[in-house]
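S.K.: Fold the following and give me the result.
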Amino acid sequence: MCVKTYTHLPVAIFSQYFKEGLFGTSVGSKGGIVSAFPTLQTQNGSVDLGYLSFGNVFSGWEGLQAGRWSPDMVLADGMESGPLLLFDKTGHVIIISAFSRFMAASLWVNKKDKAISWGIMGDVNEIPAGFQYDTILMYSDQGINQAMSAWGELMRRWNRRDTAARDHDLSVNYIGYYTDHGSYYYHHTEPGMNYEETLLGVYKYAKESGIPYKYLQYDDWWYFEDGVGYGATTAWEPMPSVFPHGLRYIFNRTRLPVVAHNRYWSHKVVYAKQNGGKFTFLIDGGNSIPNDQSFWNYLFSSALQWGMVVYEQDFLNYQSENIRPLYTDLSMGQQWLQQMGEAASRYGIQLQYCMALPRHLLASLQVPAVSQVRVSGDYLSSHQQYKIGHTSMFADALGLAPFKDNFWTTGKQPGNPGNSTELNPEVQAVITLLSTGPVGVGDRIGLSNVSLIHRLISADGTLLKPSKPATPINKQILQEAFGGGVGPTGEVWTTYSDIGHWRFGVIFSFELSHDYYIGPNDAGFGSQSGVGVVYQGDRDVTKFSEQHLLLLRGCSYMSFCLHYTAPVYSWRSRNVALLGELSKLVPVSPKRVTDITVSSTDIRVTLKGSPDEIVNFAVYVDGDVWWFKCVVSNYDTATLSVADRSCQ
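M.R.: The predicted structure is shown next:
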C-alpha cells in the first residue's frame, strides 16, 4: 500500500497493490470489502464537518444523504456506495471516491469500529497477481459545486474522457416523445389500438399541432420477456401484437429516430449458445449477461435498421447486484460495460444508463459512448422525483447529461394507467429543461400544452437550454448538512448561459419555507457576472450585485420563482442589458445566442434558428425595453444591432 501526492494538484492517491495473487478472498457479503485503504474514523473531532454522499440507484438519488460528520451518520455502502464529500461552513471540501477499477470498488461503513474504509467489493473470490486499486482524495477551498466540477474534470482528464457523445446526442439536443414509466402510454395504448397505431397517432397529432418532435422513445413494452417479476428479456425483438409490421415500418412512416429501452437478460435468452443462439452468455440462475463483443455488434447493427440512435440500458443496479459474475469477478463488470460501449461507438449509437449505481457513472469514464444517465426515480411514482439538483451535479461532473425522466405538459390526462395528476406541469418543464438532459413529453394524444412546449425549444425542436445543469447553491447543501440558518430552507438552484465572456444567470427556487436573499457570489456566478440586472420577463428589472441582492419570497412548488440575470454594458453613456427571448423559459441560451460583440459604437447579437423563424428579443436600455423582431435568414442566423435598432 502507498500514498501518492502531487506538488501541482491538491490530491492524494491511495493505492492497494497485490504483488501476489490471492484466492478465497470473499468475506461473504456484497456490502463489505476484502481490503481497506484508506480508513477514516467517524468520531467527532475539533472541526465541525458536514457530509454529502451519493448512494444506491438512479445515480445516487435513492440513497442521497447529507448531514453532520459523526458516528451516527447514514451512508450507502457496499455495492451501492458512491463518492463522499466532507466540508466545513467556509468552502473547504474533500472528495473521496474510487480512482480506478470502478466496478470492483466499494466503500464500507464499519459500525463497530466507527470507521469508513475504501477497498475491493466484498464478494470477490480471487485477486490476481499485479492487481492495483486506487482511491482518490481531492481538496478544494472553492465550495461544493466548484469542488465537484474540479474533481470531475480531473477524473475525465485522467481517463481521457471527452463529452463528444453528450454533445452530439440527438436526444440531449432536441425534444422527443416518451413512453416510459409515468408517461400516458406506458403499457397502455389508445382504446382499440395497438402500439403501432397509437404511436402513429402521436406523430399525426404532433404534426398537426406544430410540435417538432425529433425522436420517439420505446420503453419495455415492445420486446419479448419471460414474465417473472418485472420480466427479463428473452428476445429484443418486436412482439407482433405490438408492432404488427415491425419496427422499421414505424421509422419509415415517421422518419423519427428511436431511443430504445432494454431490461436485463433472461436465462432463456434466444441469442445464447446454451439456447441455440450464436453468442456467449454467462447464465446465473434466472438471469444472464452477454460476454461476447460480437453479440453487441450484432444487436446494435441490427437496431440501426429501424432507426435506433440511443440504447437505454435499464436495471443496471439489478444486474450488478444479482448476477454473480458481476459481483464476484474483479474485471467482469467493466468488461460487460465496455463491450456494450465499444459496439455503440462503432455504430454511432449513444448510451443511456438507467437505474445506475454510482459505480456505473464512474465506470462510464472508460466508456465514451455513454452520453446520459437517469438522475431520479420514475415520474409520478417516485416521491419528489423532480429533486435532481444534487445528482445532476454528480452526473455533469463526469461529463454526462442528467435525465429527469418524462413529464406531462397538462395536469389532467384522463384514463392514464396510474390515475395520476400532475399538479404543476410548468415546474416540471423548467426542471427538465434546466437539467440540460433529454426533454421527453409523455402526454396523451390531444392533451399537450403546445404553448408550454414551445417555451422550451426553437422552431426546429432544438432545446433552448443553459450551458450547465441547474444545481443547488452551496449554501443550500450547507443548510441540509448543518441546519441553523446557514443557507436557504428549501430548493435554490442556479445555472447560467455563457456567451463568449458574458454570463447570463438563472435562479430557480421552489419549496422555500423562508425568505432568502441571494447575490451573484452566492448564486455561483462568480467574477464573470459583475454588476448586472435581475428580472422576470420585461418587468421588475432591477440591479443585481453583492450590494443589491435578490429577495426570494413565496417560492413553492405551485408558485415557483424563476429569475434571470444579465450583465450591464455601457453604450453611448447608457446602461444596456440583453434580456433575451422572454417567451422562452431560458431567454438567453447558447443554443440561440451564439455571439455578443460589445463596442463603443454598437452592441451586436448573433442569433441562430431555422430559416424564416421569428425571434422576438428584448433589450433593456436605461429603464426602457426595446423589442427587436428578428427573422432568421436562409443561412440560419440573424444579427441584432442595438445602435441601428434593427435585426437582419
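
S.K.: going forward, measure contacts between C-alpha atoms and count neighbours the same way
M.R.: Will do.

S.K.: Could you pull out the strands in the stretch 201-350 of the chain for me?
M.R.: Remark: strands assigned in the stretch 201-350 of the chain by DSSP state E, counting those that start in this stretch are 216-218, 223-225, 233-238, 258-262, 265-266, 281-284, 287-290, 308-313, 350-353.

S.K.: of all those, which lies closest to E62?
M.R.: Closest to E62 of these is strand 350-353 (Cα to Cα; 15.2 Å).

S.K.: on that earlier part again, wait, which of the strands of the stretch 201-350 of the chain is closest to G82?
M.R.: strand 350-353 (15.8 Å).

S.K.: lowest-confidence helix or strand of this protein?
M.R.: Counting by mean pLDDT, DSSP states H and E, the weakest-scoring helix or strand in the chain turns out to be strand 539-544, with a mean of 91.

S.K.: mind listing what that strand pairs with, with the direction of each?
M.R.: The pairing partners recorded for strand 539-544 under DSSP bridges are strand 532-536 (antiparallel).

S.K.: buried sites along the partner strand?
M.R.: G532, V533, V534, Y535 (16 or more other Cα atoms under 10 Å).

S.K.: Strands of the stretch 501-648 of the chain, start to end?
M.R.: Assigned strands in the stretch 501-648 of the chain, in chain order: 502-510, 516-518, 532-536, 539-544, 550-552, 561-567, 569-571, 574-580, 593-598, 603-608, 614-621, 624-631, 637-641, 646-647 (criterion: DSSP E, counting those that start in this stretch).

S.K.: any chance of the ones you listed in a markdown table, plus distance to R324?
M.R.: A markdown table is the format used below for the strands of the stretch 501-648 of the chain (distance: least, Cα to Cα, whole Å):
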| stretch | distance to R324 |
| --- | --- |
| strand 502-510 | 43 |
| strand 516-518 | 50 |
| strand 532-536 | 54 |
| strand 539-544 | 56 |
| strand 550-552 | 51 |
| strand 561-567 | 48 |
| strand 569-571 | 62 |
| strand 574-580 | 54 |
| strand 593-598 | 50 |
| strand 603-608 | 51 |
| strand 614-621 | 56 |
| strand 624-631 | 60 |
| strand 637-641 | 55 |
| strand 646-647 | 63 |
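
S.K.: Of all those, which one comes closest to L452?
M.R.: Taking the strands of the stretch 501-648 of the chain one by one with Cα to Cα, strand 561-567 is closest: 15.2 Å.

S.K.: Give me the angle between that closest one and strand 532-536.
M.R.: Counting by axes from the mean of the first three to the mean of the last three Cα atoms, to 10 degrees, strand 561-567 lies at 150 degrees to strand 532-536.

S.K.: Quick check: D123 vs L282, distance?
M.R.: 18 Å (Cα to Cα, to the nearest Å).

S.K.: and if you look at G623?
M.R.: Distance from G623 to L282, by Cα to Cα: 69 Å.

S.K.: Could you give me the buried positions within the least confident helix or strand of the chain?
M.R.: V541, T542, K543, F544.

S.K.: Let me know the secondary structure of D167.
M.R.: helix (DSSP: H, G, I helix; E, B strand; the rest coil).

S.K.: Distance-wise, check it relative to P368.
M.R.: D167 sits 12 Å away from P368, going by Cα to Cα.

S.K.: quick one: pLDDT of V47?
M.R.: pLDDT, V47: 80.

S.K.: tally of neighbours for it?
M.R.: V47 has 9 neighbours, counted by other Cα atoms under 10 Å.

S.K.: can you pull the contacts of the spatially most central residue of the chain?
M.R.: The centre of the chain sits closest to P402, judged by Cα atoms, centre = their mean, with a distance of 0.6 Å. Neighbour list for P402: 372-375, 391-392, 395-396, 435-438, 469 [criterion: Cα atoms under 8 Å, 6 or more residues apart in numbering].

S.K.: go on, D612?
M.R.: Contacts for D612 (Cα under 8 Å, 6+ apart) come out as V631, V632, S633, N634.

S.K.: Which members of those residues are classed as buried?
M.R.: Taking 16+ other Cα under 10 Å as the criterion, what is buried in the contacts of D612 is V631, V632, S633.

S.K.: Return the member of these nearest to L330.
M.R.: V632 (55.3 Å).

S.K.: Please, where are all the helices along the stretch 1-150 of the chain?
M.R.: For the stretch 1-150 of the chain, the helices defined by DSSP state H, counting those that start in this stretch cover 144-158.
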